[in-house]
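Colleague: 3D model of this:
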Amino acid sequence: MGGATRIGPLAPPTPPLPTRACYIQVKELEKRASGQAFELILSPRSKESVPEFPLSPPKKKDLSLEEIQKKLEAAEERRKSHEAEVLKQLAEKREHEKEVLQKAIEENNNFSKMAEEKLTHKMEANKENREAQMAAKLERLREKDKHIEEVRKNKESKDPADETEAD
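Modeller: Alright, predicted model coming up:
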C-alpha cells in the first residue's frame, strides 16, 4: 500500500506520487467541523505520454483523369436515379389523387341517384295517397247524394199521400 494515496477526512498531506501521465499533489487547506478542504495540484504531462498527432490531415493522392471521369459518371447516374425516383413518386401520388377524386365523384353520383329514387318514390306514394283520398271523398259525396235522393224520394212519396189525406 506504499504507492496508494488515501484522500478523505483523515488523510495527511502527501508528497506528489507518480502516475501514468502526471503527478498529483494534495494540500490540506482547512479543517472544520463540517468537513475538510483540499487542493489538488496536477503537474503538466510529460512529453513521453503525449501521443504524436500529425499537424495536417493526410494528403490525398492525385486523381487521374479516368478516376475523375468515373466519379462524375457515378454522380450523374445517382442524380438520374434520384430524379427517376422522384418522378415515380410524383406519378404514384397523382394516380392516387385521381383514384380518390374518381371515388368521390362515384360516391356523389350514387348519393344523387339514391336521393332522386327516394324522392321519386315519395312523390309516387304521395300521389297514390292523394288519389285514394280523392276517391274516398268522391265515394262519400256519391253516398251523400244517393242518401239525399232517397230522402227526397221518400219525402215526395209521403207528401202526396199526406196531401190527399189532409183534403
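Colleague: low-confidence bits of this structure, can you list those?
Modeller: Residues of the chain that meet the criterion pLDDT under 70 lie in 1-22, 45-55, 159-167.
Colleague: okay, strands next: where are they in it?
Modeller: 14-18, 23-31, 36-42 (DSSP state E).
Colleague: can I get these in JSON lines with distance to E73 and mean neighbour count?
Modeller: Where you see a C-beta, it was placed from the backbone N, CA and C, and this is true even at glycine. Shown next, in JSON lines, are these (distance: least, C-beta to C-beta, whole Å; neighbours: other C-beta atoms under 10 Å):
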{"stretch": "strand 14-18", "distance to E73": "60", "mean neighbour count": "12"}
{"stretch": "strand 23-31", "distance to E73": "60", "mean neighbour count": "12"}
{"stretch": "strand 36-42", "distance to E73": "57", "mean neighbour count": "11"}
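Colleague: switch those over to JSON lines; also include distance to L87.
Modeller: Listed next are the strands of the chain as JSON lines, based on distance: least, C-beta to C-beta, whole Å:
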{"stretch": "strand 14-18", "distance to L87": "69"}
{"stretch": "strand 23-31", "distance to L87": "66"}
{"stretch": "strand 36-42", "distance to L87": "63"}
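Colleague: next one: phi and psi at K60?
Modeller: phi -80, psi 150 (degrees, to the nearest 10).
Colleague: got the CA positions of stretch 142-153 in CSV?
Modeller: What follows is stretch 142-153, C-alpha atoms only, in CSV (Å, rounded to 0.1, in the frame of the first residue of the first chain):
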residue,chain,number,x,y,z
ARG,A,142,-121.9,9.9,-54.1
GLU,A,143,-123.2,8.2,-50.9
LYS,A,144,-124.5,11.6,-49.6
ASP,A,145,-126.1,12.4,-53.0
LYS,A,146,-127.7,8.9,-53.0
HIS,A,147,-128.9,9.4,-49.5
ILE,A,148,-130.3,12.8,-50.3
GLU,A,149,-132.0,11.4,-53.4
GLU,A,150,-133.6,8.6,-51.3
VAL,A,151,-134.7,11.1,-48.7
ARG,A,152,-136.2,13.2,-51.4
LYS,A,153,-138.0,10.3,-53.0
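Colleague: how close does A75 get to I68?
Modeller: Here A75 is placed at a distance of 11 Å from I68 (C-beta to C-beta, to the nearest Å).
Colleague: kind regards, and thank you for your time.
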